[in-house]
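[1] Okay, here's the prediction I keep looking at, along with the sequence it came from:
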Amino acid sequence: MFLHLGDDYSVRVGEVISVHDYQRLFNTEAGRKFLSDSKKVIKDVSGGKPKSVVVTNHKIYFSKLSPGTLKKRAGDFGFGMSL
């Protein structure tokens with residue numbers, strides 16, 4: 001199954017490692033370092049207005065959808081996700 005991240009972007013649900021609130025992650029020193037160290041693999045699919053950060057096996061996506069919306073969508077496929 002695929003998790004729709006917004007616009008025309010989807011990822012396999014099985015590849016999702018975690019979903020984070022963008023502001024919460026960006027407001028911590030560890031979060032900023034994580035994102036800074038990962039710049040080469042970040043794909044912004046949010047249109048410049050990220051609400052969530054989706055970490056997968058191969059990339060990190062910025063999505064315009066809230067973490068709660070993504071969690072609900074993943075739950076619709078029977079996959080449990082914690083935020």
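    That came through, no problem. Numbering: from 1, shown residues only.
[2] Any stretches of this protein with poor pLDDT?
    For the chain, the stretches with pLDDT under 70 are 76-83.
[3] where along the protein do the helices fall?
    22-26, 29-37, 67-75 (DSSP state H).
[4] In TSV, list the ones you listed along with distance to L5 and mean neighbour count.
    C-beta: built from backbone N, CA, C; applies to glycine. Formatted as TSV, the helices of the chain follow (distance: least, CB to CB, whole Å; neighbours: other CB atoms under 10 Å):
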stretch	distance to L5	mean neighbour count
helix 22-26	13	16
helix 29-37	17	12
helix 67-75	7	17
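[5] out of those, which comes closest to I60?
    Comparison of the helices of the chain against I60 by CB to CB identifies helix 29-37 as nearest, at 7.5 Å.
[6] That closest one - contacts with which helices or strands?
    Other elements packing on helix 29-37 under the criterion 3 or more CB pairs under 8 Å, 6 or more residues apart in numbering; DSSP states H and E are helix 22-26.
[7] list the helices and strands the helix it packs on packs on?
    helix 29-37, strand 52-56.
[8] what would those look like in JSON lines with distance to D7?
    What follows is the helices and strands packed on helix 22-26, written out as JSON lines (distance: least, CB to CB, whole Å):
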{"stretch": "helix 29-37", "distance to D7": "21"}
{"stretch": "strand 52-56", "distance to D7": "13"}
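[9] Looking at those, spot the one closest to V19.
    strand 52-56 (5.3 Å).
[10] Now find how far off-centre that closest one is within its chain.
    When C-alpha coordinates are averaged (CA atoms, centre = their mean, to the nearest Å), strand 52-56 and its chain have centres 2 Å apart.
[11] Does it pack against any helices or strands, and if so which?
    strand 9-12, strand 16-21, helix 22-26, strand 60-63, helix 67-75.
[12] Any chance you could list what contacts the second one?
    Think strand 16-21. In this structure, residues lying in contact with strand 16-21 by CB atoms under 8 Å, 6 or more residues apart in numbering are 3, 31, 51-57, 66-67, 70-71, 74, 81, 83.
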